[in-house]
Every structure is written in structure tokens, then in C-alpha cells.
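Visitor: below are the sequence and a predicted model; questions follow.
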Amino acid sequence: MTSPSYPTRKDPVAPPTSAQSRPPVGSSGKSNPAIDSKALFAGHRELVILHNADRYVLRITRQGKLILNK
């Protein structure tokens, strides 16, 4: 029995070596604005983000991760 033949790429693309070598998704090569979370939270554990008349809560967990809830 022969195995099925699948098309192969003639020019294989090597994966990037790190996240820094990839531009952000949807990016046109320009860097995205960055805000340090310490400046954003200003000593608080949560903050409210208003977006298109909706209210979101961005919270820092005990493990130091960010959670966004609507």
C-alpha cells in the first residue's frame, strides 16, 4: 500500500526564533503603543475601562496576571 501524496512547499518557512522577531498581528511594521502596568494601575489592583458604552474591569490577580471581565 502506498502512502498518499501531499503537496509540499518548495520554499519552507523557518519559524521565528523569538516573539520579538515577529511583528504584532495586523501590524503594518509600526510598533504598538506600550503602557507599563504599574503606571496604568497606579497602585490599585483593578481599573475600569469604558469602551463603546461598555464597562470592563481589568484586574491583577494574586499570581500577578491580568484578567479582563465585562
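Guide: Looks like it arrived, so ask away.
Visitor: for Ile35, what are its contacts?
Guide: If you count contacts by Cβ atoms under 8 Å, 6 or more residues apart in numbering, Ile35 has none. Quick note: C-beta positions are derived from backbone N, CA and C, even for glycine.
Visitor: checking it next. Helix, strand or coil?
Guide: Assigned by DSSP: H, G, I helix; E, B strand; the rest coil, the conformation of Ile35 is coil.
Visitor: pLDDT at it, what is it?
Guide: We have a pLDDT of 92 for Ile35.
Visitor: that one and Ile49, how far apart?
Guide: As judged by Cβ to Cβ, to the nearest Å, Ile35 and Ile49 stand 12 Å apart.
Visitor: now Lys65. Its backbone dihedrals?
Guide: phi -90, psi 160 (degrees, to the nearest 10).
Visitor: I meant to write Lys38 there.
Guide: The phi and psi values for Lys38, taken as degrees, to the nearest 10, are phi -60, psi -40.
Visitor: nothing else from me, thank you.
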